[in-house]
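Chemist: Kindly generate the corresponding structure for this input.
(one chain, ligands or ions: 1)
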Amino acid sequence: MRAGICRSNKPRKMGTERENGSMKKTVALLAGVAALGVTAIVLTEPTAAQNDKLEELKAQGFVRVAIANEPPFTAVAADGKVSGAAPDVARVIFQKLGVPEIVGSISEYGAMIPGLQARRHDAVTAGLFMKPERCAAVAYSEPVLCDAEAMLVKKGNPKGFKSYADIAKDSSATIGAPGGGTEEKLALDAGVPRDRVIVVPDGQSGLKMVQDGRIDAYSLPVLSINDLVKKANDPNLEVVAPVEGAPVYCDGAAFRKGDEALRDAFDVELKKLKESGEFAKIIEPYGFSAAAAMSTSREKLCAG
Ligand code: 6CS
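Modeler: The predicted model follows:
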């Protein structure tokens with residue numbers, strides 16, 4: 001299944017004519033009600049616009065997904081083909097929902113949620129781990145990909161890192177991590193000063209910076225670091241995994257607040273995939289555990 005890379009950041013018009021029209025009616029209604037000094041109870045039923053999101057995607061023929069190009073979570077081939085465990089699950093589910101294609105848009109983790117909110121993409125399928133602050137900002141599906149955290153270091157782990165706190169304690173130590181990513185926040189929360197947490201744009205850059213001694217450690221989830229090391233084939237590198245004290249995280253597909261009807265439709269198909277065994281067939285060849293994702297829930301992960 002070919003899917004191109006859409007790099008357009010052109011903001012889409014805010015809403016369809018119908019959405020804008022119904023919005024005006026809603027505002028007028030609320031203004032009228034307010035004038036009567038009556039507190040309006042806003043219905044929480046999905047509006048036609050919310051249900052239309054899936055209809056909009058069906059008509060569009062593709063869903064624009066934010067990805068990071070961090071194998072095995074997400075990957076983009078030279079010809080633009082999008083793969084990786086997260087897009088592969090999303091592609092199957094969206095096809096079952098009547099949306100034949102996914103189009104990937106490479107984004108830094110820290111820009112994925114703002115991009116979703118600005119309607120630059122329709123969903124995030126990138127291994128964006130569920131955490132309370134993110135759960136407050138987006139509508140996550142049920143869990144898809146789970147992984148622990150790792151650090152890439154020089155062979156022999158010369159500074160003896162086992163945790164982010166170890167890096168905090170060593171005033172000469174620096175750690176690289178994705179901008180707005182989980183590992184950046186874990187390092188900062190462990191007390192590593194801002195100037196010793198280096199934002200690294202992608203895995204290849206992180207690998208090179210460790211090889212060149214420009215950073216002492218580079219942190220990504222275990223399967224991402226293992227993928228980098230396997231491809232690098234460099235005997236002077238070592239993986240510290242799991243990072244002590246760091247939780248196992250799981251992602252879900254992330255949708256805009258307001259698109260809960262689309263998220264719920266996605267979850268219905270995800271549940272069927274999990275129950276049929278197809279979910280395991282998609283993600284386990286990448287190294288992920290279907291049981292890990294099926295043993296937890298959005299509710300538990302968003303509770304922190
Ligand atoms: O969710 C995150 O922030 C992290 N997820 C992945 C798959 N890689 C790094 C990133 O920081």
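Chemist: how about the helices in the stretch 201-304 of the chain?
Modeler: Here the stretch 201-304 of the chain has its helices, by DSSP state H, counting those that start in this stretch, at 203-211, 222-232, 260-276, 278-283, 290-294, 298-303.
Chemist: So which of those is nearest Glu149?
Modeler: Nearest to Glu149, of all the helices of the stretch 201-304 of the chain, is helix 222-232, at 6.8 Å by Cβ to Cβ. No exception for glycine: its C-beta is placed from N, CA and C like everyone else's.
Chemist: Just list what that closest one packs against, helices and strands only.
Modeler: Packed against helix 222-232, as judged by 3 or more Cβ pairs under 8 Å, 6 or more residues apart in numbering; DSSP states H and E, are the following elements: strand 146-147, strand 149-154, helix 203-211, strand 217-221, strand 237-240.
Chemist: repeat that for 7 Å
Modeler: The contact analysis (3 or more Cβ pairs under 7 Å, 6 or more residues apart in numbering; DSSP states H and E) places helix 222-232 against strand 149-154, helix 203-211, strand 237-240.
Chemist: Return the distance of the nearest residue to Cys135 once chain neighbours are set aside relative to Ala68.
Modeler: Spatially, and ignoring its direct neighbours in sequence, Cys135 is nearest to Cys302 (3.5 Å; Cβ to Cβ, 6 or more residues apart in numbering). Here the criterion is Cβ to Cβ, to the nearest Å. By it, Cys302 lies 21 Å from Ala68.
Chemist: again with Lys185
Modeler: 16 Å.
Chemist: Looking at these two, which one has more neighbours?
Modeler: Ala68 (29 against 16; other Cβ atoms under 10 Å).
Chemist: Can you check the pLDDT for that one?
Modeler: If you check Ala68, the pLDDT there is 97.
Chemist: Nearest the geometric middle of this structure, what residue?
Modeler: Centroid-nearest residue in the chain: Leu128, 2.1 Å away (criterion: Cα atoms, centre = their mean).
Chemist: which stretches of the stretch 1-150 of the chain have low pLDDT?
Modeler: For the stretch 1-150 of the chain, the stretches flagged by pLDDT under 70 are 1-51.
Chemist: State which one residue of it is found closest to the ligand.
Modeler: Here the stretch 1-150 of the chain gets closest to the ligand at one residue, Gly127, 2.8 Å apart by Cβ to the nearest ligand atom.
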